[in-house]
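Trainee: The following comprises the amino acid sequence and a computationally predicted model.
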Amino acid sequence: MVFYFKARPEVGDYTIFMGLDKYENEELIKYGFPEDVWFHVDKMSSAHVYLRLHKGQTMDDISEGLLEDCAQLVKANSIQGNKVNNIDVVYTPWSNLKKTGSMDVGQVGFHNSKTVRTVKVEKRLNEVVNRLNRTKVERKPDLKAEHEAYNLSEKAERKAQLREKKRFAEMERLEKERQAELRSYKNLMVSEKMTSNKQIASTEKSLQELEEDFM
């Protein structure tokens, strides 16, 4: 089971989601999207909360309001973190999550600690948590199928982009050849290099002169 929430409307159309338990978290860790950002209470047990960004966006595009929604949802879904103030919530791109065979179910590490950010949450904001809970939807998605469909779509898009790149390169090549041909033609038509009929006539001997030379 995965729980889906809608972020506050003024920040844009964003979906926030989390797994029912640590076993569901394993599936989310395994089958995430490149646009997913992972949130967790630092050094405490909590739900694994994900924000799905729009394609092409990065963590730098997360607005203050959107960040608050994610951080409050994480805090509210941490047994220990929900009881205390001034906690830290860490977040990082899904692609930075590291999972090894020696780790417990639901446990993760990071490939690069430098891409992990921290936001301070002073206290629980009930108005934020209640608003998010009113948008809550439960689903049983086939995360593996969704992940595979995403990869196929990305592969098809990359192929289309490559075809377009090759087409553009071929058009550029043909245009360069056309321009070179035009320059070559213009050089042939330069007036200094052309000879008029009058000039030809002035340099050739007349029929009478030729006959006299013959005689």
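Mentor: Good, I have the coordinates.
Trainee: C-alpha from now on. contacts and neighbour counts both.
Mentor: Fine.
Trainee: Please report the distance of Asp88 from Val119.
Mentor: Distance of Asp88 to Val119, computed by Cα to Cα, to the nearest Å: 6 Å.
Trainee: sorry, that was for Met18
Mentor: Applying Cα to Cα to Met18 and Val119 gives a distance of 19 Å.
Trainee: could you pull out the helices for the protein?
Mentor: Under the criterion DSSP state H, the chain contains helices at 22-30, 64-76, 126-134, 143-188, 197-203, 207-214.
Trainee: ok, how many other residues are close to the nearest residue to Ser46 once chain neighbours are set aside?
Mentor: Once flanking residues are discounted, Ser46 sits nearest to Ser78: 4.0 Å by Cα to Cα, 6 or more residues apart in numbering. Number of residues near Ser78 (other Cα atoms under 10 Å) recorded here: 17.
Trainee: before we move on, back to that, and Asp88 and Val119? Which one has more around it.
Mentor: Asp88 (20 against 15).
Trainee: related to what we said a few turns ago, for Asp13, find the nearest of the helices of the chain.
Mentor: helix 64-76 (10.3 Å; Cα to Cα).
Trainee: for the closest one, packing partners?
Mentor: For helix 64-76, the packing partners by 3 or more Cα pairs under 8 Å, 6 or more residues apart in numbering; DSSP states H and E come out as strand 36-41, strand 49-52, strand 87-93, strand 117-121, helix 126-134.
Trainee: if we can go back for a sec, tell me the most buried of the helices of the chain?
Mentor: helix 64-76 (a mean of 21; mean count of other Cα atoms under 10 Å).
Trainee: quick one: contacts of that one?
Mentor: For helix 64-76, contacts defined as Cα atoms under 8 Å, 6 or more residues apart in numbering pick out 7-8, 11, 16, 39-41, 46-51, 81-82, 89, 119, 121, 124-125, 128-129, 132.
Trainee: quick check, distance from stretch 143-151 to the centre of its chain.
Mentor: 17 Å (Cα atoms, centre = their mean, to the nearest Å).
Trainee: Give the rounded mean pLDDT of it.
Mentor: Mean per-residue pLDDT for stretch 143-151: 87.
Trainee: low-scoring stretches of this protein, by residue?
Mentor: The model of the chain has pLDDT under 70 over residues 186-215.
Trainee: gap between the spatially closest residue to Ile87 that is not a sequence neighbour and Leu28?
Mentor: Excluding its sequence neighbours, the residue lying closest to Ile87 (Cα to Cα, 6+ apart) is Val121, at 5.3 Å. Computed as Cα to Cα, the Val121 to Leu28 distance reads 24 Å.
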